[in-house]
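K.L.:
Pasting the sequence and the predicted model now:
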Amino acid sequence: MTLECFDLELLGGKTEQRYRAMRPDVEAFNWGSIDTSKFSPTLINAAKQAWSRAALQEYRTGAACCKTLQVLIQARAPIDLIALLSRFITDEIVHSELCARLANEFGSDIEIGYNPDELTDNIGEGCPPILHAAHLVVATFCIGEAMSIPLLHNTSKMSTQPLIKQVLRRIVEDEADHGAFGWAYLDWANHHLSDTDRAELAITADRYINGVYQTWKNIEKQKGTTAEQAHALGWLEVSEYLSIARRTLKKQVIAPLILRGVFVKATEQNSTKGEQTSPNSPRVMPE
Ligand SMILES: [Fe+2]
Ligand SMILES: [Fe+2]
């Protein structure tokens, strides 16, 4: 299939005004304030690539939230959980816009291809709605969002460019709820699940955790990034990223999954190639 070019469009007029009213702080950001003359052409290109890819990643998370929302409604999950999840779709679309606008700060001459049919993964299909939703929640929230929150939080703390810091802080503010949602759903659903269901959830978790390990292996190969350059452009330096990510996976993902009877087996040592890719976006400088 031919890839389509990923870009974002605004309808404008009253529709845009209503959209802006939902998140009034975004337009007030100091847009147009990044002095790109401080960076080499290679770094500017890397920044365009990284922020455009981050925009697509946020967009994909929006699509994953939509998919999970439909299955939660089919499962007649508690309505407060459903309502909270429906807000996340707007959050992710706003995050995608924020990242795309940061990419534009470095120049708009970049095209990112994407396959609309592969925006979301097919997980748990054919299972009853409560279990189907649990598979989606484990992959997107208990692993993807739980992994990205401490990485984003630390990236925003380390960031030395004011506009980039502002954007990262804004994203982190929303992400706290996204991380908590996964565990809240799993705690509600767990009473309806059997040991066999939890064993199936552990298989999904292992696939995605293997994807996280593969991401780390790719990141480990990236050399030559100084912490100063990374922090100026809104990333973490490779060793910072890996140490935060390893701690997060152990304490914020694997331990809470095991606590809920989802006994994951994947380890960094036995991870294999070709597993599911990590749903969260790496926050390190690309090669
Ligand atoms: Fe996001
Ligand atoms: Fe999120």
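P.N.:
Received it, and whenever you're ready, just let me know what you need. Ligands and ions are numbered 1, 2, ... in the order given.

K.L.:
could you pull out the strands for the stretch 101-250 of the chain?
P.N.:
According to DSSP state E, counting those that start in this stretch, the stretch 101-250 of the chain carries its strands in the segments 113-114.

K.L.:
From Ile171, how far off is whichever residue of it sits closest to ligand 2?
P.N.:
For the stretch 101-250 of the chain and ligand 2, the shortest gap (CB to the ion) falls at His178, measuring 3.8 Å. No exception for glycine: its C-beta is placed from N, CA and C like everyone else's. Applying CB to CB, to the nearest Å, the value for His178 to Ile171 is 10 Å.

K.L.:
What of Ala134?
P.N.:
For Ala134, the distance to Ile171 - CB to CB - is 26 Å.

K.L.:
and the two? which has more neighbours close in?
P.N.:
Remark: of Ala134 and Ile171, Ala134 carries more neighbours, 33 against 22, as counted by other CB atoms under 10 Å.

K.L.:
how far away is the closest residue to the more buried one other than its chain neighbours from Leu236?
P.N.:
Nearest non-adjacent residue to Ala134, counting by CB to CB, 6 or more residues apart in numbering: Ala189, 5.0 Å away. Taking CB to CB as the measure, Ala189 falls 33 Å from Leu236.

K.L.:
These two - which one has more neighbours?
P.N.:
Legend: neighbour count by other CB under 10 Å for Ala189 and Leu236, higher for Leu236 (27 against 22).

K.L.:
Can you tell me which residues in this protein are near ligand 2?
P.N.:
Glu175, His178 (CB under 5 Å from the ion).

K.L.:
So, low pLDDT: which residues of the chain?
P.N.:
Within the chain, the set of residues satisfying pLDDT under 70 comprises 223-225, 272-287.

K.L.:
Now for it: which helix has the highest residue count?
P.N.:
helix 41-74 (DSSP state H).

K.L.:
quick one, what contacts Arg198?
P.N.:
Taking CB atoms under 8 Å, 6 or more residues apart in numbering, we find Arg198 in contact with Asn190, Arg260, Gly261, Val262, Phe263.

K.L.:
residues near the nearest residue to the last one once chain neighbours are set aside, how many?
P.N.:
If I follow you right, that is Phe263. Distances taken as CB to CB, 6+ apart place Ala202 nearest to Phe263, at 5.2 Å, with adjacent residues excluded. Using other CB under 10 Å, Ala202 has 20 neighbouring residues.

K.L.:
same deal with Asn30?
P.N.:
9.

K.L.:
contacting residues around it?
P.N.:
For Asn30, counting by CB under 8 Å, 6+ apart, the contacting residues are Pro162, Leu163, Gln166.

K.L.:
In PyMOL, how would I select the buried members of those residues?
P.N.:
Buried residues within the contacts of Asn30, by 16 or more other CB atoms under 10 Å, are selected in PyMOL with:
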select buried, resi 163+166
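
K.L.:
Nearest to ligand 1 among the contacts of Asn30?
P.N.:
Using CB to the ion, those come closest to ligand 1 at Gln166, 15.3 Å.

K.L.:
so that closest one touches Phe29, yeah?
P.N.:
Yes. If you go by CB atoms under 8 Å, Gln166 and Phe29 touch, sitting 5.4 Å apart.

K.L.:
can you put the contacts of Asn30 in CSV and add distance to Thr226?
P.N.:
Formatted as CSV, the contacts of Asn30 follow (distance: CB to CB, whole Å):
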residue, distance to Thr226
Pro162, 20
Leu163, 21
Gln166, 23
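
K.L.:
about what we covered before: measure the residue of the stretch 101-250 of the chain closest to ligand 2 to ligand 1 for me?
P.N.:
7 Å (CB to the ion, to the nearest Å).

K.L.:
Touching, that residue and Phe88? I think so.
P.N.:
Yes. With contact defined as CB under 8 Å, His178 counts as touching Phe88 (5.7 Å).

K.L.:
Ala227 - how many residues pack around it?
P.N.:
14.

K.L.:
if I pick the closest residue to ligand 1 within the chain, what's in contact with it?
P.N.:
Nearest residue of the chain to ligand 1 (CB to the ion) works out as His95 at 3.8 Å. Counting by CB under 8 Å, 6+ apart, His95 touches Glu58, Thr61, Ile171, Asp174.

K.L.:
and which of those residues is nearest to Thr196?
P.N.:
Nearest to Thr196 out of these is Thr61 (CB to CB; 29.2 Å).

K.L.:
residues contacting the closest one?
P.N.:
Per CB under 8 Å, 6+ apart, neighbours of Thr61: Glu92, His95, Thr140, Gly144, Glu145, Pro279.
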